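Engineer: here's my sequence, what's the structure:
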Amino acid sequence: MNNANKRNFIEKSSVYITNINSTLKNIKMEVIVNFIWLDSNSIIIITNKVILTLELQIIENYVKNANHINVDKVKISRS
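Structural biologist: Take a look at the predicted model:
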């Protein structure tokens with residue numbers, strides 16, 4: 001992510017955490033997002049346990065669809 005994307009995402013991180021957790025809960029996933037950390041190169045989303053591919057895709061899709069995020073600047077996550 002570029003700096004503008006990271007800054008916009010972090011400013012609304014509490015809303016994003018709530019929305020991601022709500023989405024995961026609605027589809028009966030046991031994983032939750034605990035917090036979002038800002039790194040010099042990216043954002044890091046910390047969960048309560050190791051996540052499955054489906055859970056990772058749900059979180060990635062949420063980040064890519066978040067307001068003010070340029071999806072071309074979002075890199076594929078590492079699992």
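
Engineer: flag every buried residue along the helix or strand containing residue 63.
Structural biologist: Taking DSSP states H and E as the definition, residue 63 sits inside helix 53-65. Under the neighbour-count criterion of 16 or more other CB atoms under 10 Å, helix 53-65 has 55, 56, 58, 59, 62, 63 buried. Where you see a C-beta, it was placed from the backbone N, CA and C, and this is true even at glycine.

Engineer: return the residues in contact with the closest residue to residue 54 other than its chain neighbours.
Structural biologist: Nearest non-adjacent residue to residue 54, counting by CB to CB, 6 or more residues apart in numbering: residue 29, 7.8 Å away. Contact analysis of residue 29 by CB atoms under 8 Å, 6 or more residues apart in numbering lists 54, 55, 58.

Engineer: where does the protein dip in pLDDT?
Structural biologist: Confidence mapping of the chain against pLDDT under 70 gives the ranges 1, 67-79.

Engineer: tell me which stretches of this structure form helices.
Structural biologist: Here the chain has its helices, by DSSP state H, at 3-11, 13-26, 53-65.

Engineer: quick one: the shortest one to helix 13-26, angle?
Structural biologist: Per axes from the mean of the first three to the mean of the last three CA atoms, to 10 degrees, the angle that helix 3-11 makes with helix 13-26 is 70 degrees.

Engineer: what's the spacing between the residue sitting furthest away from the middle of the chain and residue 56?
Structural biologist: Most distant residue from the mean C-alpha position of the chain: residue 28, 17.9 Å away (CA atoms, centre = their mean). Separation of residue 28 from residue 56 (CB to CB, to the nearest Å): 16 Å.

Engineer: tell me how many other residues surround residue 42.
Structural biologist: 15 (other CB atoms under 10 Å).

Engineer: was I right to think it contacts residue 6?
Structural biologist: Yes. Using CB atoms under 8 Å as the test, residue 42 is close enough to residue 6 to be in contact (7.3 Å).
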